[in-house]
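Enquirer: okay, here's the prediction I keep looking at, along with the sequence it came from:
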Amino acid sequence: MDEAVIKAMAKWPNVPNVYGWLSLDRRGSWLIKGDRISNPGVVAFIGRNYSSDERGRWFFQNGPQRVFVTLEYAPFVITTAGTGAASLVTHTGRAIERVTGAWLDETGSLLLRSSCGPGLVNDRDLARFMTLFTDVHGKPIGDATLARAFDTEARRHATGLHFHHAGDRVPVGRIHAAEASLKFGFDPNPRPKEGEPEC
């Protein structure tokens, strides 16, 4: 968190929270009231000051004011860095050091649990991730196995895939998109408590 933000929090500790203004879409874009934020400086500032509270609510600390984020899917959106798939980063620019879990949902979206927290793989980047799927022995998988794993009609069966990244190899399970917030303990749509002042 930025030093200026920390100082502002100490100086004005009782500024009302903001709800329903800021959201994060499935591709890692920040939106204010549905309009995409395109200014790189603002995007970077939000990313540096993005965190969660003890109730699993994600927020952007804007100086002394906490702006809670509505999540279209997960707290992070994950992409590859550079030209290959070896380095993974979140939409906030945080490097992912470890992947400890992987799931496919009913739409073919890939969800990862990482050292940064739960994140959805950006669908525009999914093709690069294919090289990170292996069989149980760490060997590359064939097209038929891959197609079967992503077949939404076969989603009741095991994927047969493992996700291999930076020395970690984890089985790829199945999950329903609606279950993600409960499984990972985050609130996708924070709302104020009754009687809580808000902006």
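Expert: Nice, thanks for sending it over.
Enquirer: who touches the closest residue to residue 130 other than its chain neighbours in this structure?
Expert: With sequence-adjacent residues excluded and distances taken as C-beta to C-beta, 6 or more residues apart in numbering, residue 130 is closest to residue 146, at 6.6 Å. For every residue, glycine as well, the C-beta is placed using N, CA and C. By C-beta atoms under 8 Å, 6 or more residues apart in numbering, the contact set of residue 146 is 130, 133, 161.
Enquirer: buried ones only from those residues, please, as a PyMOL command.
Expert: Only the buried members of the contacts of residue 146 end up in this PyMOL selection, burial being decided by 16 or more other C-beta atoms under 10 Å:
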select buried, resi 133+161
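Enquirer: okay, helices next: where are they in this protein?
Expert: Secondary structure of the chain, counting by DSSP state H: helices at 3-11, 40-48, 126-129, 143-150, 180-184.
Enquirer: residue 72: how many residues sit nearby?
Expert: When neighbours are defined as other C-beta atoms under 10 Å, residue 72 has 16 of them.
Enquirer: phi, psi for it please.
Expert: With angles defined as degrees, to the nearest 10, residue 72 sits at phi -70, psi -30.
Enquirer: which non-adjacent residue is nearest the residue most central in space within the chain?
Expert: Nearest to the mean C-alpha position of the chain, by C-alpha atoms, centre = their mean, lies residue 76 at 1.9 Å. Among residues not flanking residue 76 along the chain, residue 119 sits closest, at 3.4 Å (C-beta to C-beta, 6+ apart).
Enquirer: that neighbour pairs with what?
Expert: residue 76, residue 112 (DSSP bridges).
Enquirer: for residue 35, give its distance to residue 23.
Expert: Distance, residue 35 to residue 23, by C-beta to C-beta, to the nearest Å: 10 Å.
Enquirer: could you do residue 169 as well?
Expert: For residue 169, the distance to residue 23 - C-beta to C-beta - is 34 Å.
Enquirer: next: residue 141.
Expert: Here residue 141 is placed at a distance of 35 Å from residue 23 (C-beta to C-beta).
Enquirer: on that earlier part again, how much space is there between the residue nearest to residue 130 and residue 108?
Expert: Applying C-beta to C-beta to residue 146 and residue 108 gives a distance of 11 Å.
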